[in-house]
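Asks: Quick one: sequence plus predicted model below, questions after.
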Amino acid sequence: MPEDFVAAIEFETMVFGRHQADLTGRPRRTAGTLDHSSYLILNVLQIAGPQSVAELSGITGLTQSTLTRQTAATVADGYAEHILDPGGAIARKLRITRSGIAVLTKERALTRELVGEIVADWSIEERRSLAKMLKKLNNDIEKRSGRTWPRPSAEDIRAYRAGEGE
């Protein structure tokens with residue numbers, strides 16, 4: 001009987017999702033760290049620029065009521081702020097603050113350090129292959145869902161790596 005790769009992928013992505021929350025330290029809100037929802041929201045705001053709750057809903061697939069609660073906590077922490085829509089629309093948008101950029105940059109660096117430690121014994125080709133396959137999986141999921149996550153440019157990634165993502 002051939003191996004059921006789909007079942008293996010389903011199981012391993014489920015386990016990976018659980019490990020990722022533990023690995024990053026973002027399973028819940030704790031002092032000085034971002035919770036998972038704030039980490040995602042701030043990443044979108046930094047990469048894509050100011051977004052309305054409706055636009056965030058279109059990217060994340062979360063309901064607007066869920067995002068309203070999540071963004072309220074992010075705003076209360078001072079990591080994002082409400083601004084008038086630069087395009088003149090009635091809806092206000094959320095924009096990442098300098099404090100948000102600082103905490104996101106710090107947490108992104110810590111997460112990358114942890115992931116780097118885990119894959120330290122992997123060859124460059126194994127690391128490259130995993131990154132490529134995860135991107136392919138996410139792109140195919142996005143095609144199916146019709147929701148596209150904004151991605152940083154190569155220049156943005158270099159700036160984030162250097163701590164200049166402000």
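Replies: Yes, it's here. Numbering: from 1, shown residues only.

Asks: Run through the chain and note the low-pLDDT ranges.
Replies: 1-2, 24-32, 158-166 (pLDDT under 70).

Asks: try it again with 80
Replies: 1-3, 18, 20-33, 86-89, 91, 154-166 (pLDDT under 80).

Asks: And the helices in the protein, which stretches?
Replies: 5-24, 36-48, 53-60, 64-76, 98-118, 124-145, 154-161 (DSSP state H).

Asks: looking at those, which is buried most?
Replies: For the helices of the chain, average neighbour numbers computed from mean count of other C-beta atoms under 10 Å are highest in helix 36-48, which has a mean of 21. C-beta here means a position set from N, CA and C on the backbone, and glycine is covered the same way.

Asks: got the helices of the chain as a markdown table, with distance to A91 columns?
Replies: Output for those, formatted as a markdown table (distance: least, C-beta to C-beta, whole Å):
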| stretch | distance to A91 |
| --- | --- |
| helix 5-24 | 31 |
| helix 36-48 | 15 |
| helix 53-60 | 7 |
| helix 64-76 | 11 |
| helix 98-118 | 20 |
| helix 124-145 | 23 |
| helix 154-161 | 26 |
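
Asks: Please report the distance of the spatially most central residue of the chain from G100.
Replies: Against the mean C-alpha coordinate of the chain, by C-alpha atoms, centre = their mean, the closest residue is L40 at 3.7 Å. For L40, the distance to G100 equals 13 Å [C-beta to C-beta, to the nearest Å].
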